[in-house]
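In: Sharing a model prediction with you, sequence too.
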Amino acid sequence: MSWLGGRTRGARAEHTPVRSLASVAYVLLGVLIASQHGYYTDLGTVSQVLSAVVATVLWPLILLGANLHLSLSHL
């Protein structure tokens with residue numbers, strides 16, 4: 001409570017239904033676009049799973065032509 005008697009906001013923004021819906025829509029678009037570009041076809045290795053996760057989160061880069069297939073074979 002603030003000294004004026006109202007509630008104070010914390011450093012983090014409140015979760016609203018619109019923000020939650022936008023987050024779900026963003027992830028669903030990521031899954032759709034990543035699957036259309038072949039990131040979910042073969043998830044047999046850690047590299048392929050990580051590529052799918054990265055592609056789902058960074059899907060706008062796929063639309064710009066980025067290749068998000070990761071290779072961990074040199075580690």
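Out: Cool, got the structure.
In: From here on, just use CA atoms for contacts and neighbour counts.
Out: OK.
In: Contacts for the helix or strand containing Leu21, please.
Out: Secondary structure from DSSP states H and E places Leu21 in helix 17-36. With CA atoms under 8 Å, 6 or more residues apart in numbering as the test, helix 17-36 has contacts from 40-41, 52, 55-59, 62.
In: At which residues are the helices of this protein located?
Out: 17-36, 46-57, 59-63 (DSSP state H).
In: by contact count, what packs against the second one?
Out: Other elements packing on helix 46-57 under the criterion 3 or more CA pairs under 8 Å, 6 or more residues apart in numbering; DSSP states H and E are helix 17-36.
In: In this structure, where is pLDDT below threshold?
Out: Applying pLDDT under 70 to the chain picks out residues 1-14, 75.
In: where's the residue nearest the centre of it relative to His74, distance?
Out: Taking CA atoms, centre = their mean, the centroid of the chain lies closest to Val57, which sits 2.6 Å from it. Taking CA to CA, to the nearest Å as the measure, Val57 falls 24 Å from His74.
In: hmm, back to that, nearest to His69, of the helices of the chain?
Out: His69 lies closest to helix 46-57 among those, at 5.1 Å (CA to CA).
In: hang on, the earlier thing: roughly how far is the helix holding Leu21 from the heart of the chain?
Out: 8 Å (CA atoms, centre = their mean, to the nearest Å).
In: go on, stretch 53-62?
Out: 7 Å.
In: Now, of the contacts of helix 17-36, which are buried?
Out: Burial by neighbour count, judged by 16 or more other CA atoms under 10 Å, picks out 40, 52, 55-59, 62 from the contacts of helix 17-36.
In: Alpha carbons only: can I get the helix holding Leu21 in PDB?
Out: Listed next in PDB are the C-alpha coordinates belonging to helix 17-36 (Å, rounded to 0.1, in the frame of the first residue of the first chain):
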ATOM      1  CA  PRO A  17      -5.900 -11.800 -20.300                       C
ATOM      2  CA  VAL A  18      -4.900  -9.900 -23.400                       C
ATOM      3  CA  ARG A  19      -1.200 -10.400 -22.700                       C
ATOM      4  CA  SER A  20      -1.700 -14.100 -22.000                       C
ATOM      5  CA  LEU A  21      -3.700 -14.600 -25.200                       C
ATOM      6  CA  ALA A  22      -1.000 -12.700 -27.200                       C
ATOM      7  CA  SER A  23       1.700 -15.000 -25.700                       C
ATOM      8  CA  VAL A  24      -0.300 -18.100 -26.600                       C
ATOM      9  CA  ALA A  25      -0.900 -16.800 -30.100                       C
ATOM     10  CA  TYR A  26       2.900 -16.000 -30.500                       C
ATOM     11  CA  VAL A  27       3.900 -19.500 -29.500                       C
ATOM     12  CA  LEU A  28       1.200 -21.200 -31.600                       C
ATOM     13  CA  LEU A  29       2.400 -19.100 -34.600                       C
ATOM     14  CA  GLY A  30       6.000 -20.200 -33.800                       C
ATOM     15  CA  VAL A  31       5.000 -23.900 -33.800                       C
ATOM     16  CA  LEU A  32       3.100 -23.500 -37.000                       C
ATOM     17  CA  ILE A  33       5.900 -21.700 -38.900                       C
ATOM     18  CA  ALA A  34       8.700 -23.900 -37.500                       C
ATOM     19  CA  SER A  35       6.800 -27.000 -38.500                       C
ATOM     20  CA  GLN A  36       6.200 -25.700 -42.000                       C
END
